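**Q** Using only what follows, build the 3D model:
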Amino acid sequence: MENEIKELVQAVQKLHNPEKGCPADKVRSLSDVINKLQQEVKEVVSAFEKKDFENLKEEIGDVLLNIIHISEIAKREKLFDLSSSLIETKNKLIRRHPHVWGDRKCKTPEEAEAIWQEMKQKEKLGLI
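**A** From the prediction side, this is the model:
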């Protein structure tokens with residue numbers, strides 16, 4: 001899977017290449033792609049509700065594609081890059097699961113959700 005994601009990122013980077021990229025992709029704005037992402041998420045929900053898992057697989061790929069487009073545009077605009085977003089997300093996941101990566105005990109899904117919400121609140125308050 002790691003190679004597939006890397007290859008998809010490289011393909012999107014090629015589309016956004018200033019010299020040799022796609023004329024349409026090179027001028028896309030964050031707003032354009034975020035609107036497209038919203039449409040794709042609706043298609044994910046629709047495929048799931050219909051239990052059309054072959055289509056769900058395709059739509060999840062489209063969501064991922066648009067997220068990578070967003071990260072490339074953000075990089076072009078010097079806002080952030082995909083790596084920094086992934087690192088922050090991984091760190092957040094670890095912080096919010098001290099029952100997995102730490103000493104905290106948790107036995108039920110409800111306890112896990114409560115811990116998630118507690119850690120999220122502590123983050124907002126700047127306590128962690």
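
**Q** Tell me where this structure has helices.
**A** 2-15, 23-26, 30-49, 53-76, 82-95, 98-101, 109-124 (DSSP state H).

**Q** Specify the residue ranges that define each domain of the protein.
**A** 2-81, 96-128 (automatic domain parsing).

**Q** any idea of the mean pLDDT for the longest one?
**A** The one in question is domain 2-81. The predicted model gives domain 2-81 an average pLDDT of 97.

**Q** do the shortest one as well
**A** Throughout domain 96-128, pLDDT has a mean value of 96.

**Q** on that earlier part again, looking at the domains of the chain, which is buried most?
**A** domain 2-81 (a mean of 14; mean count of other C-beta atoms under 10 Å). Every C-beta, even on glycine, is put in place using the N, C-alpha and C of the backbone.

**Q** Pick out the residue closest to the middle of this protein.
**A** Ile67 (5.9 Å; C-alpha atoms, centre = their mean).

**Q** hang on, that residue packs against Leu37?
**A** Yes. Counting by C-beta atoms under 8 Å, Leu37 is a contact partner of Ile67 at 6.9 Å.

**Q** what does stretch 79-89 contact?
**A** 9, 68, 71-72, 74-75 (C-beta atoms under 8 Å, 6 or more residues apart in numbering).

**Q** how about 7 Å then?
**A** 9, 68, 71, 74-75 (C-beta atoms under 7 Å, 6 or more residues apart in numbering).

**Q** Among the residues you listed, give me the pair with the biggest separation.
**A** Greatest spacing in the contacts of stretch 79-89, by C-beta to C-beta: Val9 and Ala74 (13.3 Å).

**Q** Correct me if wrong: Asn66 contacts Val33.
**A** Yes. Using C-beta atoms under 7 Å, Asn66 is in contact with Val33, at 5.6 Å.
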